[in-house]
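Engineer: sequence and predicted model, in that order:
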Amino acid sequence: VEKDALGHNEIAHDAQAPTCTEIGWDAYVTCSRCSYTTYKEIAALGHNYDSVVTAPTCEAQGYTTYICKCGDCLKKAEKAPRL
């Protein structure tokens, strides 16, 4: 005697937006009875830095600060001018 297939018992999962350093995913479903999934990973975005230049003064070296919208910050010292 043949029996009809059960079909997937779908469980919905919310989307997660990627960040600069973490992967994300679209909303997807999985099956509670098998390994079926519609999960699709979204790659991390990587940092997107804006630069802010601090000019040198008579007594202090200038530098550029790179700030990402996520709050990550890098500071790069500029070479002191030769007199």
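Structural biologist: Received, thanks. Numbering: from 1, shown residues only.
Engineer: next, the buried residues of stretch 34-52.
Structural biologist: Leu45, His47, Tyr49 (16 or more other Cβ atoms under 10 Å). Quick note: C-beta positions are derived from backbone N, CA and C, even for glycine.
Engineer: and the residues you listed, which is closest to Asp72?
Structural biologist: Nearest to Asp72 among the buried residues of stretch 34-52, counting by Cβ to Cβ, is His47 at 5.6 Å.
Engineer: right, and that closest one touches Gly71 too?
Structural biologist: No: with contact defined as Cβ atoms under 8 Å, His47 does not count as touching Gly71 (10.2 Å).
Engineer: state the distance from the residue most central in space within the chain to Tyr66.
Structural biologist: Against the mean C-alpha coordinate of the chain, by Cα atoms, centre = their mean, the closest residue is Thr19 at 2.2 Å. In this view, Thr19 and Tyr66 are 17 Å apart by Cβ to Cβ, to the nearest Å.
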